[in-house]
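Peer 1: What shape does this take:
(chains A and B)
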Amino acid sequence: MAKTDTTVKTLARYGLTDEQLREMFRNMLMQRQLDNRGFQLNRQGKVPFALGSEGHEALQAGAAMAFTRGKDILAPYYRDLGLALGIGLTPFEIMLSIFARAQDHNGGRQFPNHYSSKKAGLMSFSSILAAHIPHAVGAAYALKLRRQADRAVLVTCGDGTTSEGEWHEAMNFAAIHGLPLVMLVENNEWAISTPLDKQMGQPEIWKRAEGYGMPGKRFNGFDPIETYGVVKEAMDRARGGGGPSIIEGMCYRFLAHSTDDNDMTYRTKDEVVEHRKHDPVPRFEALLLEQGVLTASAVDAMKKDVLRETNEATDQAEALPYPQASDLYTNLFEGAWQPWQ
Amino acid sequence: MAVMNNVEAVRATLYDALKNDDRTLILGEDVGARGNVFLITKDFVNEFGPERVIDTPIAEASIVGIAVGMAMEGLRPIAEIQFADFIYPAFNQIVGEAAKTRYRSNGEYTCPLVIRTPYGGGVRGALSHSVSIEALFYHVPGLKIVAPAFPADVKGLLNASIDDPDPVLFLEHKKTYRLIKGEVPDGHYTIPLGKANVLKEGSALTVVSYGLYVHWALEAAQKLQEEGLSVEVIDLRSIRPMDKATILESVRKTRKLLIVHEDNKFGGIGAEISAMVAEEALFDLDAPIRRLCAPDVPAMGYALPLEEEYMSSPAEMADAMREMVRF
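Peer 2: Okay, here's the model as predicted:
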């Protein structure tokens, strides 16, 4: 396993303003707070399941900043809370998903973290890994066919998904047609319990890009600024007709796969503790303080505000009703439906 | 009104769809320069260009998967699986994705997609160019499945499938492609999905079928007519949704039901029809329901006797009809 350089680079800012840096940091704080809340609610017996993306905060906050709202399309997977927030979903919408309320975009049908929002350009996806990668390619094909050169598709997955055949098929097709697509791999080193060396013989996923005939790059996914720079470059290339690319952000999954997993059955506490030393959230906070982008009191106020917003979103969503039993039967097809006519 | 075979009917319908709606496109293996292995899309690429007549890599999961993404983003893709036997790699995309897109997003996203594929035997297609796949997908809520037998139905049902806002699996029996000719009305028209067609009226037995076997059942029923035995023949045309009303009305009249299909008997379409009729009209029946379907082996073999043993025939159907009428 190649060691990742997790030092936050302070020199390049890729044009990010102080305001954007603060927005990225707030996104990271919000991710952690909402993740934490999901697990708390699970332990309280209020929700049957929760899933966290701790360790992915910087990567997702940085990537989302390169997404143009109202133009680009996001085809995420189920560990993309920060991307969902970063492209415009609200904490309240996230809590609707966690509580499976009727008002949720999916009407309480899907697991938490399986967001969809046509308004935000967030494509609906299932839990079947890699099934969404061809969907993203199809959407990118539509953009190209319609000559919408100012739009691109950002599709994401973990390292585990890159073993699926559909991942390969989709990359191959995207390359053939030079589609406006960025394949962002969030490499957190674990496919539930399976480490990288049991997933692939050659552990640098970005290098596969060359085999497809497209650019590839690996970057430090604990650094939101570097992430932004790499994702922005790839999205700009895609929008400008330069075709697809595979970019691989190195991060780490701090939590177990989900509330139904016990990661101590396959990795050591020492390994997790070692990675926690590089936790991107406090490191980015330190950087912003050091650079004078935020003051200590501003950080304190931001954390309080994130907690307040999380509490409000939790209370609001919890107070809302589940879907009704009769909602099981709606939206299978357009209009009323019976298999027998 | 023009006389066409089934290949020509598919071709003419696809041509009009591409011509009249620039959201439509065709993607599949060898659909471009080759014009599809049955020449259904011959010359399309010259007229509509390679962006709308897409030769894909040999990768069925992504043929359907990419089409799902196109459909979610507002296009009207018509995906082709070169032979139905090759559809298995795309199973997840059809069952897990296309069929669930509208449902799982509670209507926010939809998947207006047609997947066309030639199926069926009698053409020495062996184990991997002859199968019937309908029962594998029949179980899946969220899919519509169509299997027309006549050129006029091919056009009307394919138009309806392309217009449909949800995914449709469109099955074309390859033995009927050039064997079956018929008059096809001019202009755009649709036949509603889920409407069966009573091809021949009769009083002593109802025979329900679809695809190639409709033609054989009709031939057998006409033979029985000459013997003075009156058999009603229903062409389902759509497998899902299925026209329960037409089946029940017929069965309540004839009081006997024979289902013939080329797919395997066990867990096949006939099992569902039998169960439905047993639930709804058991006491209207004068004889046990009978199914004349393929045996419980994976597919027909390449050698002629293996193909013939697997498949039924007009003569075998006529025998089954006689036995049931006389029961």
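Peer 1: which residues in chain A form strands?
Peer 2: Read by DSSP state E, chain A holds these strands, from start to end of the chain: A:73-75, A:153-158, A:181-187, A:190-191, A:194-195, A:216-220, A:245-250.
Peer 1: Compute the inter-axis angle for the last one and strand A:153-158.
Peer 2: This points to strand A:245-250. Going by axes from the mean of the first three to the mean of the last three CA atoms, to 10 degrees, strand A:245-250 is angled at 40 degrees with respect to strand A:153-158.
Peer 1: Skipping its backbone neighbours, what lies nearest the residue most central in space within chain B in space?
Peer 2: Note on chain B: the residue nearest the mean C-alpha position is residue B:147, at 1.6 Å, using CA atoms, centre = their mean. On the basis of CB to CB, 6 or more residues apart in numbering or on different chains, the spatially nearest residue to residue B:147 that is not a chain neighbour turns out to be residue B:171, at 4.2 Å. Heads up, the C-betas are built off the backbone N, CA and C, glycines and all.
Peer 1: ok, that neighbour - contacts?
Peer 2: B:84, B:117, B:119-120, B:133-134, B:145-147, B:211, B:239 (CB atoms under 8 Å, 6 or more residues apart in numbering or on different chains).
Peer 1: Please name the nearest non-neighbouring residue to the one residue in chain A that gets nearest to chain B.
Peer 2: When distances are taken as CB to the nearest CB, chain A reaches nearest to chain B at residue A:138, 2.3 Å away. Among residues not flanking residue A:138 along the chain, residue B:69 sits closest, at 2.3 Å (CB to CB, 6+ apart).
Peer 1: Kindly state the neighbouring-residue count (a burial measure) for that neighbour.
Peer 2: Residue B:69 is flanked by 34 other residues according to other CB atoms under 10 Å in any protein chain shown.
Peer 1: was I right about it contacting residue A:131?
Peer 2: No - checked against CB atoms under 8 Å, the pair residue B:69 and residue A:131 is beyond contact range at 10.2 Å.
Peer 1: quick one: the strands in chain B?
Peer 2: In order along the chain, chain B carries the following strands (DSSP E): B:2-5, B:24-28, B:53-55, B:76-80, B:114-119, B:144-146, B:168-173, B:181-184, B:197-200, B:205-209, B:231-235, B:238-240, B:257-264, B:290-294.
Peer 1: Indicate which one of those is closest to residue A:300.
Peer 2: strand B:76-80 (52.5 Å; CB to CB).
Peer 1: Distance from the chain centre to that closest one, please.
Peer 2: Between the centre of strand B:76-80 and the centre of its chain there are 16 Å (CA atoms, centre = their mean, to the nearest Å).
Peer 1: for stretch B:312-327, same thing?
Peer 2: Computed by CA atoms, centre = their mean, the chain-centroid distance of stretch B:312-327 equals 23 Å.
Peer 1: quick revisit: same list (the strands of chain A) but as CSV, adding distance to chain B.
Peer 2: Below are those laid out as CSV (distance: least, CB to the nearest CB, whole Å):
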stretch, distance to chain B
strand A:73-75, 7
strand A:153-158, 9
strand A:181-187, 10
strand A:190-191, 18
strand A:194-195, 20
strand A:216-220, 20
strand A:245-250, 16
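Peer 1: Same list as before, the strands of chain B that is, but in a markdown table and with mean pLDDT included.
Peer 2: As requested, the strands of chain B are exported to a markdown table (pLDDT from 0 to 100):
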| stretch | mean pLDDT |
| --- | --- |
| strand B:2-5 | 98 |
| strand B:24-28 | 98 |
| strand B:53-55 | 98 |
| strand B:76-80 | 98 |
| strand B:114-119 | 98 |
| strand B:144-146 | 98 |
| strand B:168-173 | 98 |
| strand B:181-184 | 98 |
| strand B:197-200 | 98 |
| strand B:205-209 | 98 |
| strand B:231-235 | 98 |
| strand B:238-240 | 97 |
| strand B:257-264 | 98 |
| strand B:290-294 | 98 |
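Peer 1: which of the ones you listed is buried the deepest?
Peer 2: Ranked by mean neighbour count under mean count of other CB atoms under 10 Å in any protein chain shown, these are led by strand B:205-209, which reaches a mean of 30.
Peer 1: Quickly run through the sheet partners of that one, with directions.
Peer 2: Based on DSSP bridges, the pairing partners of strand B:205-209 within the sheet are strand B:231-235 (parallel), strand B:257-264 (parallel).
Peer 1: okay if I get the strands of chain A as TSV plus mean neighbour count and mean pLDDT?
Peer 2: TSV is the format used below for the strands of chain A (neighbours: other CB atoms under 10 Å in any protein chain shown; pLDDT from 0 to 100):
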stretch	mean neighbour count	mean pLDDT
strand A:73-75	27	98
strand A:153-158	27	98
strand A:181-187	28	98
strand A:190-191	20	95
strand A:194-195	14	95
strand A:216-220	20	98
strand A:245-250	26	98
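Peer 1: Can you report how many residues lie near residue 23?
Peer 2: Let's take chain A. Other residues within reach of residue A:23 by the criterion other CB under 10 Å amount to 16.
Peer 1: that's the wrong chain, I meant chain B
Peer 2: The number of residues packed near residue B:23 is 16, by other CB under 10 Å.
Peer 1: For the stretch 101-250 of chain B, which residues are neighbours of chain A?
Peer 2: If contact is defined as CB under 8 Å from any CB of the partner chain, the residues of the stretch 101-250 of chain B in contact with chain A are B:101-110, B:141-142, B:144, B:165-166, B:194-195, B:240-245.
Peer 1: Buried ones among these?
Peer 2: Buried positions within those, assessed by neighbour count (16 or more other CB atoms under 10 Å in any protein chain shown), are B:101-110, B:142, B:144, B:166, B:194-195, B:240-244.
Peer 1: can you give me the helices for the chain?
Peer 2: I went with chain A, as the question did not name one. Along chain A, counting by DSSP state H, helices occupy A:18-43, A:57-65, A:81-86, A:91-99, A:132-145, A:165-176, A:196-199, A:208-212, A:224-239, A:269-276, A:280-290, A:296-319.
Peer 1: right idea, wrong chain: chain B
Peer 2: Under DSSP H, chain B gives helices at B:6-20, B:44-48, B:60-72, B:91, B:101-104, B:134-138, B:151-163, B:176-179, B:212-226, B:244-254, B:269-281, B:304-310, B:314-326.
Peer 1: list the contacts for the residue of the stretch 1-150 of chain B found nearest chain A?
Peer 2: Chain A sits closest to residue B:69 of the stretch 1-150 of chain B, with a gap of 2.3 Å, by CB to the nearest CB. Taking CB under 8 Å, 6+ apart as the contact definition, residue B:69 lies against A:75, A:123, A:134-142.
Peer 1: same question, residue A:14
Peer 2: Listed by CB under 8 Å, 6+ apart, the contact partners of residue A:14 are A:225, A:228-229, A:232.
Peer 1: Can you name the two of the residues you listed that sit furthest apart?
Peer 2: Going by CB to CB, the two entries of the contacts of residue A:14 that are most distant from one another are A:225 and A:232, at 10.5 Å.
Peer 1: more crowded one of the two?
Peer 2: Neighbours per residue (other CB under 10 Å) separate residue A:225 from residue A:232, with residue A:225 holding more: 25 against 19.
Peer 1: so what's residue B:267 up against?
Peer 2: Applying CB under 8 Å, 6+ apart, we find residue B:267 in contact with residue B:135.
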